[in-house]
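K.L.:
Quick one, fold the following:
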Amino acid sequence: MSKLTENYEKLAQATGLRYDAVNELIYGERSGFQIILKASDSRYPYMLTIQTTAKNATGTLLGKDEKKEVIKSVDKIANVKQEGNQLSFFQKNITNQEKLVNALTDSLNGVISFLNAKGYSPCCSLCGQSVETSPFRVGLEYRHLCSDCELRLRDSNAIAAQAKAQKKENVVGGVVGALLGSLLGVVCIILLSQMGYVAALSGVLMAVGVLKGYEILGGKLTKKGIIISVVIMLLMTYIGDRLDWAIVLLGEGGGADAGYNLFECYRLVPDMISLEYIEVGSYLANLLLLYVFLLLGAVPTIISKVKEKQEEGNIVKIGSVNTYGSNIQ
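P.N.:
Numbering: from 1, shown residues only. The predicted structure follows:
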């Protein structure tokens with residue numbers, strides 16, 4: 001048993017809730033409200049979010065004043081978010097186990113008191129009816145569903161999964177989409193370089209743009225699509241870097257004054273390296289740094305995308321290991 005699992009189990013016991021080791025979250029009921037405690041960011045496992053589903057009698061969302069009120073009245077709550085009937089209260093990061101237990105207990109009590117004071121009552125996150133619900137993981141999100149909404153969601157997900165499985169992948173369209181999406185990363189490389197920076201942001205934007213572009217025009221993102229997308233990321237990062245040097249040649253290098261255009265300066269980059277007009281060390285170091293940042297940005301993005309695809313359509317009842325849905329092909 002890992003230290004994190006052990007601490008989560010102790011935390012669940014101390015708060016009168018239960019620990020689901022499969023989904024790595026704590027869940028249960030407090031004063032009629034179904035509660036899920038989870039770390040929104042796995043890098044900060046003790047920055048827990050108190051999530052519940054509740055309906056206001058007037059059907060209105062939390063206003064700025066009410067959000068400020070709960071943050072002020074419940075000391076360890078850092079932020080509040082509402083999406084329809086779903087409320088999320090973000091707990092401050094507390095790594096000390098004893099302090100976390102006390103803080104979380106106070107936060108749970110404070111949140112429940114706040115909801116009662118504002119006229120909120122427990123309900124289903126989809127239909128909004130004040131009926132018995134159970135906690136579920138739907139894809140990568142968490143919901144409290146009544147039995148009717150659970151069945152309807154399972155049926156609709158099954159139909160959607162079947163339709164998606166029958167949909168053919170358009171590789172040519174995917175490549176076009178990936179190339180178009182990569183332009184976002186290329187523009188970022190050039191803009192940041194012109195400002196004197198080489199940042200990981202270019203790698204993230206390159207990865208997101210390529211993967212999303214492939215999926216949109218390709219119809220679906222498969223393992224084949226991911227491999228093609230990675231090749232395009234590597235190629236377009238090289239092109240973006242070379243285009244950046246071409247802009248330098250056109251401006252600072254006097255290319256424009258000599259009557260050259262951007263395309264001609266782009267073709268001249270290898271010659272300028274051979275003639276040592278562009279220092280080979282600087283060129284290679286800059287390109288290597290871009291590839292490092294591409295790696296730092298692309299790997300987490302691809303892992304997140306694969307996980308999203310694997311969980312897409314899955315419906316898992318918290319406390320159960322049964323799953324339903326589709327996986328990436």
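K.L.:
Need the nearest residue in space to I190, chain neighbours excluded.
P.N.:
D244 (5.1 Å; CB to CB, 6 or more residues apart in numbering). Every C-beta, even on glycine, is put in place using the N, C-alpha and C of the backbone.
K.L.:
next one: L37
P.N.:
For L37, the spatially nearest residue (CB to CB, 6+ apart) is I26, at 4.0 Å.
K.L.:
Tell me, how many residues neighbour the one you found?
P.N.:
Burial of I26 is recorded as 23 neighbouring residues (other CB atoms under 10 Å).
K.L.:
how about it, what does it touch?
P.N.:
By CB atoms under 8 Å, 6 or more residues apart in numbering, the contact list for I26 reads 8, 11-12, 15, 17-20, 35-38, 48.
K.L.:
Present those residues as TSV; the columns should include secondary structure.
P.N.:
Compiled in TSV, those are given as follows (DSSP: H, G, I helix; E, B strand; the rest coil):
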residue	secondary structure
Y8	helix
L11	helix
A12	helix
T15	coil
L17	coil
R18	strand
Y19	strand
D20	strand
I35	strand
I36	strand
L37	strand
K38	strand
L48	strand
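K.L.:
Please indicate which of those are buried?
P.N.:
For those, a burial check counting by 16 or more other CB atoms under 10 Å picks out 8, 11-12, 15, 17, 19-20, 35-38, 48.
K.L.:
Closest one to Q91 out of those, please.
P.N.:
L48 (4.7 Å; CB to CB).
K.L.:
how far away is the closest one from A78?
P.N.:
11 Å (CB to CB, to the nearest Å).
K.L.:
what residues are shared contacts of those two?
P.N.:
Listed as contacting both L48 and A78 by CB under 8 Å, 6+ apart are Q91.
K.L.:
Verify the stated contact: Q194 with I247.
P.N.:
Yes. Counting by CB atoms under 8 Å, Q194 touches I247, with 7.3 Å between them.
K.L.:
So which of the two has more stuff around it?
P.N.:
Set Q194 next to I247 and count neighbours by other CB under 10 Å: I247 wins out with 17 against 12.
K.L.:
P45: what's it in contact with?
P.N.:
4, 39.
K.L.:
so how far is K3 from it?
P.N.:
Using CB to CB, P45 is found at 10 Å from K3.
K.L.:
pretty sure L25 contacts V316?
P.N.:
No. Applying CB under 8 Å, one finds L25 not in contact with V316, separated by 11.1 Å.
K.L.:
Would you agree the residue nearest to I190 is in contact with S193?
P.N.:
Yes. Under the criterion of CB under 8 Å, D244 makes contact with S193 at 4.7 Å.
K.L.:
for the stretch 201-329 of the chain, which spans come out with low pLDDT?
P.N.:
321-329 (pLDDT under 70).
K.L.:
Now do the helices in it.
P.N.:
223-250, 262-274, 280-311 (DSSP state H, counting those that start in this stretch).
K.L.:
helices and strands around the second one, which ones?
P.N.:
Translated: helix 262-274. helix 223-250 (3 or more CB pairs under 8 Å, 6 or more residues apart in numbering; DSSP states H and E).
K.L.:
The residue lying farthest from the centre of the chain and G181, how far apart?
P.N.:
For the chain, the residue at maximal distance from the C-alpha centroid (CA atoms, centre = their mean) is A258, at 47.8 Å. Going from A258 to G181 by CB to CB gives 35 Å.
K.L.:
go on, Y197?
P.N.:
Counting by CB to CB - Y197 and G181 are separated by 22 Å.
K.L.:
swap in E83?
P.N.:
According to CB to CB, E83 stands 27 Å off from G181.
K.L.:
which of the two has more neighbours?
P.N.:
Higher neighbour count among E83 and G181: G181, with 26 against 10, using other CB under 10 Å.
K.L.:
helix or strand for the more buried one, which one?
P.N.:
Using DSSP states H and E, G181 falls within helix 171-194.
K.L.:
average pLDDT across that helix?
P.N.:
Across helix 171-194, pLDDT averages out at 91.
K.L.:
Touching that helix from outside, list them.
P.N.:
Residues contacting helix 171-194 (CB under 8 Å, 6+ apart): 198-199, 201-203, 205-219, 221, 224-225, 228-229, 232-233, 236-237, 239-241, 243-244, 247, 286, 290.
K.L.:
what do you get if the cut-off is 7 Å, keeping everything else the same?
P.N.:
With contacts defined as CB atoms under 7 Å, 6 or more residues apart in numbering, helix 171-194 is touched by 198-199, 201-202, 205-206, 209-210, 212-214, 216-219, 225, 228-229, 232-233, 236, 239-241, 243-244, 247, 290.
K.L.:
buried sites along it?
P.N.:
Buried, per 16+ other CB under 10 Å, within helix 171-194: 174-175, 177-190, 192-193.
K.L.:
One more: stretch 2-10?
P.N.:
Buried, per 16+ other CB under 10 Å, within stretch 2-10: 7-8.
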